[in-house]
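# structure of the sequence below:
(one chain, ligands or ions: 1)
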Amino acid sequence: MKNLYIYTNNTEKSLAAAENIEKALNAKGIRVCSEFVPETEMIVVIGGDGAFLNALKHCAYPSVPVLGVNTGHLGFFQELSPEDVDKLVSFCCTGDYAIQPCKLLEVDMQKGDESVKAYALNDICLRDVGGSIIRLRIEVGNNFVETLYGDGMIVASSAGSTAYNYSLRGAIVDPRLEALQLTAMAPINNTIYRSFASSLLFPPSLDIRVSLLDKENLEIGVFADGRKMYTGDFDLMRVSLSDRIVNVVRGSDYDFWSKVESKLL
Ligand code: NAP
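Residues are numbered from 1 along each chain as shown. Modelled structure (predicted):
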């Protein structure tokens, strides 16, 4: 490997780790670029999952391997710690690491003739930022599934199932299982309103289509990996699993369920 890009969350700890890593890489003849360029062969992200998600967006969801170094955050996507410099250098020099391929979610917001698109690794969230109840018509493929009443909903990828989805009591899904998970936020169930009380899992070939049943007095916000990508009403929101893949670098001994156990229990 000749060219590598380091992205950090700019904290003191992350900047110090970046300096250390850069020195060690330079000593092996690997150049650290100050920006993501077409020659970049690997991205090293120093920070937590938030930095990891920011780096992907910053680099327009690249296909080169992305290696996370955790500087004191939860670090679900982060594989190494700042002390693992030798391991990092060995990954770069020998290519002896595993890749966890993660398909990205794609969201397409349509209003009239306009459409706005975004990608996400974890999830797409739709909610009313003004605090009102939302009434949503949910279709999957071309079939009606339910009318959802509540604070909003998220669609999570399997890799993102341990994030917001899990806080909303959604299921943790092994990322080797490709699926779209729809989880309602505080769904109402009474004699007037009735929505599914559990998360719904759909195969990757189907898209989830969402429309607003009531547009009055709503302040809709749509978030891709927690970053606002759309505000206001819309005619159709379409969420699907895209063909674009982010390649997360893992050690050869990586095991998803050990990570879940160590981070969430
Ligand atoms: P943030 O609000 O600063 O952090 C949310 C937390 O989620 C952080 O602890 C982050 O880890 C962790 N996280 C991110 N991706 C994860 C994953 N795949 N599995 C397990 N935990 C994960 O925002 P952020 O760090 O930029 O992350 C954006 C994500 O926050 C969104 O995609 C959404 O899933 C999540 N979120 C969660 C809630 C909630 O649980 N109530 C509310 C809003 C958004 P680090 O500490 O390593 O950064």
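
# close to the ligand: what parts of this structure are there?
Where the chain comes near the ligand, counting by C-beta under 6 Å from any ligand atom, the residues are 48-50, 53, 73-76, 122-123, 159-160, 162-164, 167, 225-226. (Each C-beta comes from the backbone N, C-alpha and C, glycine too.)

# from those residues, list just the buried residues.
When those are checked for burial by 16 or more other C-beta atoms under 10 Å, the buried set is 48-49, 53, 73, 75-76, 122-123, 159-160, 162-164, 225.

# where's the dip in pLDDT among those?
In terms of pLDDT, the weakest of these is His73, which scores 88.

# could you double-check that that one lies in contact with Leu53?
No. Under the contact definition of C-beta atoms under 8 Å, His73 does not touch Leu53, with a separation of 11.5 Å.

# of the buried ones among the residues of the chain next to the ligand, which belong to strands?
Among those, the subset assigned to strands under DSSP state E consists of Asp123.

# in JSON lines, list the buried ones among the residues of the chain next to the ligand along with distance to Glu12.
Compiled in JSON lines, these are given as follows (distance: C-beta to C-beta, whole Å):
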{"residue": "Gly48", "distance to Glu12": "15"}
{"residue": "Asp49", "distance to Glu12": "19"}
{"residue": "Leu53", "distance to Glu12": "21"}
{"residue": "His73", "distance to Glu12": "14"}
{"residue": "Gly75", "distance to Glu12": "18"}
{"residue": "Phe76", "distance to Glu12": "23"}
{"residue": "Asn122", "distance to Glu12": "27"}
{"residue": "Asp123", "distance to Glu12": "30"}
{"residue": "Ala159", "distance to Glu12": "29"}
{"residue": "Gly160", "distance to Glu12": "29"}
{"residue": "Thr162", "distance to Glu12": "28"}
{"residue": "Ala163", "distance to Glu12": "26"}
{"residue": "Tyr164", "distance to Glu12": "28"}
{"residue": "Asp225", "distance to Glu12": "25"}
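
# okay, how far is it across stretch 168-184, tip to tip?
Start and end residues of stretch 168-184 are separated by 8 Å (C-alpha to C-alpha, to the nearest Å).

# for the helix or strand where Ile138 lies, which strands pair with it and how are they oriented?
Secondary structure here is read from DSSP states H and E; on that basis Ile138 sits in strand 134-140. Each strand that strand 134-140 pairs with, and the sense of that pairing, follows from DSSP bridges: strand 143-150 (antiparallel), strand 208-212 (antiparallel).

# please identify the most buried of those strands.
strand 208-212 (a mean of 20; mean count of other C-beta atoms under 10 Å).

# just how off-centre is it within its chain?
When distances are taken as C-alpha atoms, centre = their mean, to the nearest Å, strand 208-212 is centred 20 Å away from the chain's centroid.

# can you check stretch 257-265 too?
Shown here is stretch 257-265, whose average C-alpha point lies 18 Å from the average C-alpha point of the whole chain (C-alpha atoms, centre = their mean).
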